[in-house]
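In: Fold the following for me, if possible:
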Amino acid sequence: MQNTRAIDISVAAPAYNEAETIGAVLTEWREYLETHPAVGDWEIVVCDDGSRDATRAILERFGETCPRLVVVPFDRNRGAGAAIAAAIAATRLDWVVLLDSDGQFPIANLDSVLPRLHGADLAFSGARVRKADGPAHRFGSKASGMVGNLLLGTRYRDFNSIFKVVHGPLFRALPLESGGMNCSTEITARVVELGHSWVEVPIGHRARGGGARGWRFWRGARDRALFVGYLGLRHWLLRRGVLRVPETGAGTRAAEGVR
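Out: Here you go, the predicted model:
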């Protein structure tokens with residue numbers, strides 16, 4: 001018999017100068033979470049990464065009618081990695097869904113994940129069936145993903161996807177270091193380093209609804225190459241025992257009392 005227990009979900013997202021899209025995206029998330037029969041308690045946690053446009057004001061107005069919206073404000077721009085880590089840390093529910101506030105990853109992608117959250121798996125990652133990015137960004141993502149898989153001995157189709165659904169205690173315990181646009185890559189690697197495997201699910205992907213990317217292509221490509229190299233070195237040091245795998249206290253779901 002299929003388990004019909006409701007799932008308690010936190011949506012975590014960074015936001016930087018997303019005034020063109022953030023209102024519509026928040027409305028989409030709220031409607032999905034309010035109406036989906038498999039969702040129990042829910043919250044939306046957005047870290048405003050020092051936006052210089054009307055993003056903060058839009059978040060505050062939305063919060064007036066949606067008390068389940070939690071805004072984590074940065075007084076200056078600290079980068080996507082810091083904003084993602086802060087949003088995740090501020091969540092409180094059993095499962096955390098990592099999305100981006102530009103609307104590229106529809107929350108309806110959760111449809112294929114929710115029925116599987118009663119099993120033993122702790123981490124799910126979205127594999128984009130067709131990436132809506134331009135050719136240069138698709139090539140960069142594919143290349144860094146191939147290197148990441150080679151270094152970690154994995155075979156993930158979409159190593160860099162930001163769409164993640166992770167058991168809350170595990171997600172909140174990850175020691176994230178990346179300061180720029182490499183946080184999704186780091187999350188994939190960190191979970192593997194802790195001895196867990198990602199379950200990849202096919203997802204839809206949309207072009208950005210507005211705004212602008214927070215990083216320039218060549219600088220981003222350089223930083224991604226450096227970061228993947230760092231992940232490889234760290235993984236090698238872990239295997240040799242030079243570094244110690246951090247204790248997360250989230251090794252089993254039974255010990256955490258998942259509802």
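In: Return the residues in contact with the closest residue to residue 162 other than its chain neighbours.
Out: In this structure, residue 162 finds its nearest non-sequential neighbour in residue 184, 4.2 Å apart by Cβ to Cβ, 6 or more residues apart in numbering. To be clear about C-beta, it is placed using only N, CA and C from the backbone, and glycine gets the same treatment. By Cβ atoms under 8 Å, 6 or more residues apart in numbering, the contact list for residue 184 reads 84, 98, 160, 161, 162, 164.
In: Serialize the residues you listed to a markdown table and add fields for distance to residue 16, neighbour count and secondary structure.
Out: Converted to a markdown table, those look like this (distance: Cβ to Cβ, whole Å; neighbours: other Cβ atoms under 10 Å; DSSP: H, G, I helix; E, B strand; the rest coil):
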| residue | distance to residue 16 | neighbour count | secondary structure |
| --- | --- | --- | --- |
| 84 | 11 | 26 | helix |
| 98 | 15 | 26 | strand |
| 160 | 18 | 23 | coil |
| 161 | 19 | 25 | coil |
| 162 | 14 | 22 | coil |
| 164 | 19 | 23 | strand |
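In: doesn't the residue nearest to residue 162 fall inside a strand?
Out: No - counting by DSSP: H, G, I helix; E, B strand; the rest coil, residue 184 is not found in a strand; it is helix.
In: Just want the most central residue of the protein.
Out: The residue lying closest to the centre of the chain (Cα atoms, centre = their mean) is residue 98, at 3.1 Å.
In: Is that one in contact with residue 83, as I believe?
Out: No - shown here, residue 98 and residue 83 do not form a contact pair, counting by Cβ atoms under 8 Å, at 11.3 Å.
In: Endpoint to endpoint, stretch 102-117 covers what distance?
Out: Stretch 102-117 has its terminal residues 26 Å apart, counting by Cα to Cα, to the nearest Å.
In: Alright, calling it a day.
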